[in-house]
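Peer 1: what would the 3D arrangement of this be:
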Amino acid sequence: MTLGPSIELQAIINPISGLGSKRNIPGMIERMCASTGWLPSIAFSEYAGHAREITRQAIERGVGIIIAVGGDGTVNEVATSMVHSNAILGIIPRGSGNGLARDLHIPMDTHKALKLIAKGHVTTIDGCRANEHIFFTTCGLGFDAAVSQKFAAEKHRGSLTYVRRTISEYLYYKPEVYELHFGSEAVKETAFLVACANASQYGNNAFIAPHASVSDGKLDVTILAPFTPLEIPSLSFQLFTKTIERNSKIKTFQVTELCISRQNQGLIHLDGDPVMAGREIHISVVPQALKVFAPDNITSRNESQNLFERLSSFFNSRFRH
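Peer 2: Residues are numbered from 1 along each chain as shown. Next comes the predicted model:
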């Protein structure tokens, strides 16, 4: 697609994602479109799944650019309806974790993110499928899925709420036995969690799979064995410093598809949102699934961000839209 003038652009804004007002964003999008000659239409999502519906309608109209304003949950709703379409996704990160945006080095500042979209550089990334669901950052089984459900049900979210829920779940959570089948191999583990990563991080620079790439056609699988409270500080430090694979409780490998079996049906999370799934979860890569605006020269992240700020931000926001 040639990104000339007169392309129709649909913006979808989640008004409750993250923190802060989004009332100025429609005007910012309109000003960006005035400079590019694109034709804007702006909608606010009103309920879970609404962004997905708006996106489908936009695709049917032949819209060329669709902008998701929100967090990973909002991006997931929009992007799942764009898979293998000709439309291009723009991301304005206004959630709390913003895992996919961070992985693609999309600026967290709204003005800068819009400037990036206006530059028009497009890259193509993979998606992944877990049974009938599509995800773009991570799919998880075990502890993080359990916490995601508890946190999603909270009326008042924030760092204290997340920490309280995490501690509460840790005290009572029982690791499960998982069988992972891929190719001719099989692995059986008692695990605290199993993370299948398309992108390298959950969000807020918490790197569960530091070597994962959204464009390599592979899934990075991380298995975390049960651990004691005394091991939590080192695990947390390694999660935020891209060194989680050095931990003795961690096993990792790469696949293009796998089947995970467990004793009972239960929760999984997809890009941070909890969903129910059966005893078997079939996970596979959807290669070259999505066109997205991203920097044309993605380099290594600036690792100078204060670790305390990372930890505080992560606990304040994990699994929020």
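Peer 1: where does pLDDT dip in the stretch 201-321 of the chain?
Peer 2: Applying pLDDT under 70 to the stretch 201-321 of the chain flags the ranges 297-321.
Peer 1: that one: helices as residue ranges?
Peer 2: Assigned by DSSP state H, counting those that start in this stretch, the stretch 201-321 of the chain shows helices spanning 232-239, 307-317.
Peer 1: same check, this time on the stretch 1-150 of the chain
Peer 2: According to DSSP H, counting those that start in this stretch, the helices that the stretch 1-150 of the chain contains are 25-36, 50-61, 72-80, 99-103, 110-119, 143-152.
Peer 1: mean neighbour count and distance to residue 215 for the ones you listed - can I get that in CSV?
Peer 2: Where C-beta positions appear, they are placed from N, C-alpha and C, glycine not excepted. Formatted as CSV, the helices of the stretch 1-150 of the chain follow (neighbours: other CB atoms under 10 Å; distance: least, CB to CB, whole Å):
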stretch, mean neighbour count, distance to residue 215
helix 25-36, 16, 26
helix 50-61, 18, 22
helix 72-80, 27, 15
helix 99-103, 27, 10
helix 110-119, 18, 18
helix 143-152, 21, 24
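Peer 1: and residue 87, which of those is closest to it?
Peer 2: Set against residue 87 and scored by CB to CB, the helices of the stretch 1-150 of the chain come closest in helix 50-61, at 6.0 Å.
Peer 1: any idea of the mean pLDDT in the closest one?
Peer 2: Helix 50-61 comes out with an average pLDDT of 97.
Peer 1: CA atoms of it as CSV?
Peer 2: Provided in CSV are the C-alpha atoms of helix 50-61 (Å, rounded to 0.1, in the frame of the first residue of the first chain):
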residue,chain,number,x,y,z
HIS,A,50,-16.1,-3.4,21.0
ALA,A,51,-12.7,-2.5,19.6
ARG,A,52,-12.7,-5.8,17.7
GLU,A,53,-16.2,-5.0,16.2
ILE,A,54,-15.1,-1.5,15.1
THR,A,55,-12.0,-2.9,13.5
ARG,A,56,-13.9,-5.5,11.6
GLN,A,57,-16.3,-2.9,10.3
ALA,A,58,-13.3,-0.7,9.3
ILE,A,59,-11.7,-3.6,7.4
GLU,A,60,-14.9,-4.2,5.5
ARG,A,61,-15.0,-0.5,4.5
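Peer 1: packing partners of it?
Peer 2: strand 8-13, strand 65-70, helix 72-80 (3 or more CB pairs under 8 Å, 6 or more residues apart in numbering; DSSP states H and E).
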